[in-house]
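Colleague: Show me how the following folds:
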Amino acid sequence: MGKRIIITGGGWAGCAAAAAATHLGAQTTLLERTDMLLGTGLVGGIMQNNGRFTAQEECTALGGGTLFQVIEKNLRHKAIHFPGHHHASLYDVSSTPSAVRRFLEENSVKIEYRARISSVEMRGNTIGSVSDDHGRTWEGDIFLDTTGTAGPMNNCTRYGTGCAMCVLRCPAFGGRVSLTALTGIKEIQGRRADGSIGAMSGSCKLSKESLAPQIIEQLDREGCVVIPLPPELMEDHLRIKACQQYALGAFRQNLVLLDTGKAKLMAPYFNLQKLHCLHGFENARYEDPYAGGKGNSIRFLAMAPRDNALQVQGIENLFCAGEKAGLLVGHTEAIVTGTLAGYNAVCRAEGHKLLVLPRSLAVGEAIAFVREQMRTPAGLAQKYTFSGSVLLEHLKQMNLYITDIPMIRRRVQSAGLSGIFSALPKKGTEK
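Modeller: Numbering: from 1, shown residues only. Below you'll find the predicted structure:
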């Protein structure tokens, strides 16, 4: 029987960590607070835009491409362009969660739903077990915290516009509880440019059926619709968004819609009465968050102090990934950090040296760069993503953003890391 890996949080990061750990022979349990996997990935859907293309191909060359293959089979659109973003893919938010669930179950990941972890048993500076609200307990050798940084409701009220009734569903399943915080480790809070805490989620979902037929037809055909806004309907939300890669003038001057099976509205919220004034939107209604005319969820409230192997500092057997690992925005960012954390969890359990990805790779540079930036007040006021803003510009300066797949594979090969996530190193072969 393999070592026991316990993962708290079933978003993209947790799913990627589970896929990586079980592939390496670990006995893997994924604990999800709600009744569905993927977290914000249930309403997200954007892949491969800008530097996310590079990160995905690097992760695949490293041997961690299985979840990307699942996503590929559930894409609605490939190689589309929208303001500031190129070669994007959009996955179907209805079919993808079930496809990921089936993939994990077929690969022997044990998934426990409605498992909101509320207590932890510590043995010195290691975790012995975790327990949920229902009194269930899971013992493990290594633990991963991929619980994210959004919720509970009082944080959305304190730092936002109140509970927006988003897909995280705190009223139904209880607010997020951080495993890192339960161990006594002080977490890090992100800030906005004005010094206030957190950042607001950057997009909403409209029911496609509530839009005019010509808008639905264009979304289905092209994957994107850009509708100019008259000055009186423009709303400026750019500074409050978690997704700073979309903090462009084009997203204030236009309604930008993407087709993920729903109509993804690229704004943190938009007044519903104003929306109804637009031709084709007279009957528009929000699907996520339901109160999308008022606000959205607040994120980046609880990040773990970690090293570049994604081990939480101060706890011997705890790793982190996704937003828990820092001011990293997006599904690709969650998948690549989750894959590394899952790999390193098994390495630690089996007594191998932990892997730190080199800064010659975009993924390795991102993990190290974000950690450095978060040590400064100015850095805590930024958000980092492969798809734009500060991190993409940094990767461009380092000549790490490329779309030449053979060249990406050669870079990974030059680092001596081709397929590294596919198998544990043999004893005595580690440098």
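
Colleague: for the stretch 1-150 of the chain, which spans come out with low pLDDT?
Modeller: 1 (pLDDT under 70).

Colleague: for it, what spans make up the helices?
Modeller: All helices of the stretch 1-150 of the chain, identified by DSSP state H, counting those that start in this stretch, fall at 12-23, 51-61, 66-72, 96-106.

Colleague: tell me what the second one is packed against?
Modeller: Using 3 or more CB pairs under 8 Å, 6 or more residues apart in numbering; DSSP states H and E as the contact criterion, the neighbours of helix 51-61 among helices and strands are helix 66-72, helix 331-350, helix 362-373, helix 389-397, helix 405-414. In this view, the C-beta of every residue, glycine as well, is placed from N, C-alpha and C.

Colleague: and the longest one, what does it pack onto?
Modeller: To tie it back to what came earlier, the one meant is helix 331-350. Checking 3+ CB pairs under 8 Å, 6+ apart, helix 331-350 ends up next to strand 4-8, helix 12-23, strand 46-47, helix 51-61, helix 66-72, strand 142-145, strand 318-320, helix 362-373.

Colleague: Make a markdown table from these and add distance to Glu217 and mean neighbour count to it.
Modeller: Formatted as a markdown table, those follow (distance: least, CB to CB, whole Å; neighbours: other CB atoms under 10 Å):
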| stretch | distance to Glu217 | mean neighbour count |
| --- | --- | --- |
| strand 4-8 | 41 | 27 |
| helix 12-23 | 30 | 30 |
| strand 46-47 | 21 | 24 |
| helix 51-61 | 28 | 26 |
| helix 66-72 | 25 | 20 |
| strand 142-145 | 43 | 31 |
| strand 318-320 | 43 | 31 |
| helix 362-373 | 37 | 21 |
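
Colleague: As a markdown table, those with distance to Asp92 would be great.
Modeller: Formatted as a markdown table, the helices and strands packed on helix 331-350 follow (distance: least, CB to CB, whole Å):
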| stretch | distance to Asp92 |
| --- | --- |
| strand 4-8 | 25 |
| helix 12-23 | 15 |
| strand 46-47 | 12 |
| helix 51-61 | 18 |
| helix 66-72 | 9 |
| strand 142-145 | 27 |
| strand 318-320 | 29 |
| helix 362-373 | 26 |
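
Colleague: show me the contacts for the closest residue to Leu255 other than its chain neighbours.
Modeller: Nearest in space to Leu255, with sequence neighbours left out and distances taken as CB to CB, 6 or more residues apart in numbering, is Ile227 at 4.4 Å. Ile227 makes contact with 254-255, 257, 278, 280, according to CB atoms under 8 Å, 6 or more residues apart in numbering.

Colleague: Strands - which of these land there?
Modeller: Mapping the contacts of Ile227 onto strands (DSSP state E) picks out 254-255, 257.

Colleague: now, which of those residues sits nearest Val130?
Modeller: Leu257 (40.7 Å; CB to CB).

Colleague: SS state for the residue nearest to the closest one when sequence neighbours are not counted?
Modeller: Once flanking residues are discounted, Leu257 sits nearest to Val225: 4.4 Å by CB to CB, 6+ apart. Secondary structure, DSSP: H, G, I helix; E, B strand; the rest coil: Val225 is strand.

Colleague: Val225: neighbour count?
Modeller: Counted by other CB atoms under 10 Å, the residues lying close to Val225 total 22.

Colleague: That one reaches Gln214, doesn't it?
Modeller: No: if you go by CB atoms under 8 Å, Val225 and Gln214 don't touch, sitting 9.4 Å apart.
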